[in-house]
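Enquirer: any chance you could fold what I've pasted below:
(chains A, B and C)
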Amino acid sequence: MIKTKTNTGNFFEDFTIGQTIVHATPRTISSGDQALYTALYGSRFAVQSSTNFARRVGYPQSPVDDMLVFHIVFGKTVADISLNAVANLGYADCRFLQPVYPGDTLKTVSQVIGLKQNSNGKNGVVYVRSTGTNQKGDIVLEYVRWVMVRKRNIDVPAPETVIPDLPDSVDTKFLGSACPTVDQIDFDTSVSGSAFVWGDYEVGEKIDHVDGMTVEEAEHMMATRLYQNTAKVHFNQHTEGQGRFGRRLIYGGHVISLARALSFNGLSNACHITAINGGRHIAPLFAGDTVYAWSQITDKTEIDGRSDIAALKLTTIATKDQPCNQFPDKNHENAILELDYWVILPK
Amino acid sequence: MIKTKTNTGNFFEDFTIGQTIVHATPRTISSGDQALYTALYGSRFAVQSSTNFARRVGYPQSPVDDMLVFHIVFGKTVADISLNAVANLGYADCRFLQPVYPGDTLKTVSQVIGLKQNSNGKNGVVYVRSTGTNQKGDIVLEYVRWVMVRKRNIDVPAPETVIPDLPDSVDTKFLGSACPTVDQIDFDTSVSGSAFVWGDYEVGEKIDHVDGMTVEEAEHMMATRLYQNTAKVHFNQHTEGQGRFGRRLIYGGHVISLARALSFNGLSNACHITAINGGRHIAPLFAGDTVYAWSQITDKTEIDGRSDIAALKLTTIATKDQPCNQFPDKNHENAILELDYWVILPK
Amino acid sequence: MIKTKTNTGNFFEDFTIGQTIVHATPRTISSGDQALYTALYGSRFAVQSSTNFARRVGYPQSPVDDMLVFHIVFGKTVADISLNAVANLGYADCRFLQPVYPGDTLKTVSQVIGLKQNSNGKNGVVYVRSTGTNQKGDIVLEYVRWVMVRKRNIDVPAPETVIPDLPDSVDTKFLGSACPTVDQIDFDTSVSGSAFVWGDYEVGEKIDHVDGMTVEEAEHMMATRLYQNTAKVHFNQHTEGQGRFGRRLIYGGHVISLARALSFNGLSNACHITAINGGRHIAPLFAGDTVYAWSQITDKTEIDGRSDIAALKLTTIATKDQPCNQFPDKNHENAILELDYWVILPK
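Expert: Have a look, this model is predicted:
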């Protein structure tokens, strides 16, 4: 018998606690990837947009957008972790630890840190901690994700249940790690899109990001392929047309990037996403839908040893076909994303 | 009261004569931007396409397409100048003054040079001169644009009317500024797409550019986001679907770039747009429409001190769903663009 | 009379045996082109994806995808060879001879090696050998293509019939030419997507590539413009809507690139297409269709003087809206492509 050459992905019973999975394929990020990211989302944050602006702030050159890093690190895990997933359940403890520049090569390794078979015996929840590393071996990104995965064979006995202890919010000692430390920040708010810096935001404040962005099939597919994410539901109308929604599903990360780009209007100086505490895709997005977003400041903190930058904790709600000037909450029928995260701004 | 963090754009009464506006966000152009530009329009001009060709002509490397420079310089102005615009009325005195290369960082500053409130008291015309500058402080592009902008409060009294004195045609002393001066041009017409150089064109000559290009929603939105142009009408089907046209409007500059790319067929050696005397978007373009174009040579001139290159003045008419072999004029029901500009060719 | 400035393409009677055609426009390939290629097809082969992986294998940096090189070399020929084509009939003797890196500038020259007027007197078959060369003058790609071209004037007498002698399969001495020779290959199969190397594949083996990819209009048009391929049928819905299919035709090379990207699932270590023996577009593909593919190993060979790599001969069949788990053959009603080619893998 010839062994199958084709990757059919792992099923629930293939995962074991402590298992380490080295993911294919390493990926060198280029300025071409960043140009595509700009074309797909319209991001305008000055540090990522201008090499000269970035140098004045203390970077050797413009780092690539944080969510581009996230998507590339995440994309590699799909073929091993979630090819047989029923649902993406959540994220936690996501920390951006080093800036990533064009020319850097990223790889991803995951470790299984939790398993819980569902009572129906047909599937179970797998928790993995995924680590994105650059060519120097520095960890650039680390996050935990849990996902419901089908069993290949329902007769395989359930593993011992292990549920990892995850923080509700990322330890604040990690905030700002991907931002170079400088004695005195030279962050030119006359060209960054807003005069508002960290001290101008108050806990409880709500910000409507005003604009709406309609998504096309070609856009989300190009994005998701750029990330080498191979989840079938995003690409195959022939099978999805016969499926539950009759449509290709848009990669949830595409929604996060759209919401982040929209948030420039109101948070122009929030130059980095530095941590994601948790995220939930409330409802799917389809091509033709228009994404809106608003954010609330839920906490703010200075960072030990940093006089240049400080952090805001945000909850961003994205909706589809629903303007956010009335601040619709996560229970609104048009809500599609709730994201709890930390951004950094100059002080 | 918390001050609003969101940019709602300037209204007519916010502008004053002589006012200087520094626009966000500076932008470093990369070879990725140029690759996207090629993918979006199919441009084939040899100087921009081949580094080796460009070096033989006298450039240190391939400059990026002129209209890519225009769109990036222009895109920055939208958030401050035309977010509350009723209509784009015109362009004048647009001069390309320095070549732009991948790695250059562009910023834009505008000065208000004219104001005229309309008799209805609800809106008025704002004239701005916008200047795009590279990281060395060199002006790469300068142009005047006028746009009709709504008033926030119709009770604010009208400002004194100032209408700037604008040239019908750019002063010819500026032509060719973005093209390096060389003793003897080495412009290899055996690989540039055509044997026809400056001397082969005659005033009055009409050239049909033959081909048609259909535009998709994903394309014009990716283009317009690449330029960090945030005009709402291009991106939001949810609101535009309820608007005057029921459709997203395509950025007028997208039409200019399509017409320029189509003009390669007939004007292959017109290696640079060096000045735009005036332009008018006669009718809107929508996704699914097919753009055609033709050009007439309206003038030609040698350039003082330049033995290598000379200039042709063109009027290009673009149409939708209307081939141009019969040279439809600007009053044709399918005409969408009339552009009056200068290009340079080798002598 | 003013000579027409517009390229109307060559007709059958314009070609003569031995004629050499230098094609416009030379093109410098950038990392932006490679990023777009990844976004358009989702290619994941490690050598092309990671500079660090490529260096360990012996390349100075990641080469660009083989089919991107093919499309750019091919695209230049369209304006001279196939603007008046009735049908693309076939490919033969296609050899990838040198790796191509970002920064390389490619040009294409074709020689007419065969002519045969059809008995209807209205058109004829033109055979050309096209050669892609880099800035150092090295041939990077060479292939023969034949195409049926219309006559401008049916009264022109038929030329002497010359049919070139073409190999059924590329001479195996050329295999692996674009892959650097190393004493001992360091090809890390732990991150390349599969543990299967050359020795693991058997002649006769069939591999379903599992996944399906739906194609959008914006995608195939952006791809084809990126290649500066100007064939009208891909871009103009206004005329194609009135034509035989009522639709824009997708460039056949787009299907080859999709099939190649899909083949990663089952052939992850097939790091290069090194030769194409023959190819046939069985039926057209249209936007909205979903492409699947499967491959059969039809031969395998070691390569003289190479201890590091060896070659597999494949026949890949692509289909539309038809999964390939039952291995539909070229006569299946949904088959769209049959490609006979050689790939190389580490030993």
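
Enquirer: okay, how far is it across stretch A:262-282, tip to tip?
Expert: Using Cα to Cα, to the nearest Å, the end-to-end distance of stretch A:262-282 comes to 19 Å.

Enquirer: please apply the same query to stretch A:278-291.
Expert: 20 Å.

Enquirer: buried residues of that stretch, list them for me.
Expert: A:278-282, A:284-287, A:289-291 (16 or more other Cβ atoms under 10 Å in any protein chain shown). The C-beta positions use only the backbone N, C-alpha and C, and glycine is treated the same way.

Enquirer: out of those residues, who's near chain B?
Expert: residue A:290 (Cβ under 8 Å from any Cβ of the partner chain).

Enquirer: what residue in chain A comes nearest to chain B?
Expert: Closest contact between chain A and chain B, by Cβ to the nearest Cβ, is at residue A:35 (2.9 Å).

Enquirer: any idea how far chain C is from that residue?
Expert: Separation of residue A:35 from chain C (Cβ to the nearest Cβ, to the nearest Å): 6 Å.

Enquirer: next, that residue: secondary structure please.
Expert: helix (DSSP: H, G, I helix; E, B strand; the rest coil).

Enquirer: so which bits of the stretch 201-347 of chain A are right by chain C?
Expert: So the stretch 201-347 of chain A meets chain C at A:216-219, A:221-226, A:228, A:230, A:232, A:235-239, A:248 (Cβ under 8 Å from any Cβ).

Enquirer: hey, where'd the strands end up in the stretch 151-300 of chain A?
Expert: Secondary structure of the stretch 151-300 of chain A by DSSP state E, counting those that start in this stretch: the strands cover A:206-208, A:213-214, A:272-281, A:290-302.

Enquirer: one more: the stretch 1-150 of chain A?
Expert: Using DSSP E, counting those that start in this stretch, strands in the stretch 1-150 of chain A cover A:20-22, A:27-28, A:85-96, A:105-117, A:123-133, A:139-150.

Enquirer: residue contacts, whichever residue of the stretch 1-150 of chain A sits closest to chain C?
Expert: Nearest residue of the stretch 1-150 of chain A to chain C: residue A:32, at 2.9 Å (Cβ to the nearest Cβ). Listed by Cβ atoms under 8 Å, 6 or more residues apart in numbering or on different chains, the contact partners of residue A:32 are B:30-32, B:35, C:30-36.

Enquirer: which of those residues count as buried?
Expert: Buried among the contacts of residue A:32 (16+ other Cβ under 10 Å): B:30-32, B:35, C:30-36.

Enquirer: can you put those residues in JSON lines and add pLDDT?
Expert: Formatted as JSON lines, the buried ones among the contacts of residue A:32 follow (pLDDT from 0 to 100):
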{"residue": "B:30", "pLDDT": "98"}
{"residue": "B:31", "pLDDT": "97"}
{"residue": "B:32", "pLDDT": "98"}
{"residue": "B:35", "pLDDT": "98"}
{"residue": "C:30", "pLDDT": "98"}
{"residue": "C:31", "pLDDT": "97"}
{"residue": "C:32", "pLDDT": "98"}
{"residue": "C:33", "pLDDT": "98"}
{"residue": "C:34", "pLDDT": "98"}
{"residue": "C:35", "pLDDT": "98"}
{"residue": "C:36", "pLDDT": "98"}
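
Enquirer: near chain B, which residues of the stretch 151-300 of chain A show up?
Expert: So far as Cβ under 8 Å from any Cβ goes, the stretch 151-300 of chain A lies against chain B at A:190-194, A:196, A:200-202, A:205, A:207-214, A:216-219, A:265-268, A:288, A:290.

Enquirer: can I have the buried ones of the residues you listed as a ChimeraX selection?
Expert: Those of those that count as buried under 16+ other Cβ under 10 Å are selected in ChimeraX with:
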select /A:191,192,193,194,196,201,205,207,208,209,210,211,212,213,214,216,217,218,219,265,266,267,268,290
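
Enquirer: isn't the residue of chain A closest to chain B right up against residue C:35?
Expert: Yes. Residue A:35 is in contact with residue C:35 according to Cβ atoms under 8 Å; the separation is 7.0 Å.

Enquirer: residues shared between the contacts of the two?
Expert: B:32, B:35.

Enquirer: send the alpha carbons of stretch A:313-321 over as PDB?
Expert: What follows is stretch A:313-321 as a C-alpha-only set of coordinates in PDB (Å, rounded to 0.1, in the frame of the first residue of the first chain):
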ATOM      1  CA  LYS A 313      -7.100  48.700  26.700                       C
ATOM      2  CA  LEU A 314      -9.800  48.700  24.100                       C
ATOM      3  CA  THR A 315     -12.900  46.700  23.300                       C
ATOM      4  CA  THR A 316     -13.700  47.100  19.600                       C
ATOM      5  CA  ILE A 317     -17.000  45.900  18.200                       C
ATOM      6  CA  ALA A 318     -17.300  45.400  14.500                       C
ATOM      7  CA  THR A 319     -20.700  45.200  12.800                       C
ATOM      8  CA  LYS A 320     -21.900  44.500   9.300                       C
ATOM      9  CA  ASP A 321     -24.300  46.800   7.500                       C
END
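
Enquirer: re earlier: kindly present the strands of the stretch 151-300 of chain A as a markdown table, with separate columns for mean pLDDT and distance to residue A:91.
Expert: Output for the strands of the stretch 151-300 of chain A, formatted as a markdown table (pLDDT from 0 to 100; distance: least, Cβ to Cβ, whole Å):
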| stretch | mean pLDDT | distance to residue A:91 |
| --- | --- | --- |
| strand A:206-208 | 97 | 23 |
| strand A:213-214 | 98 | 22 |
| strand A:272-281 | 96 | 5 |
| strand A:290-302 | 98 | 17 |
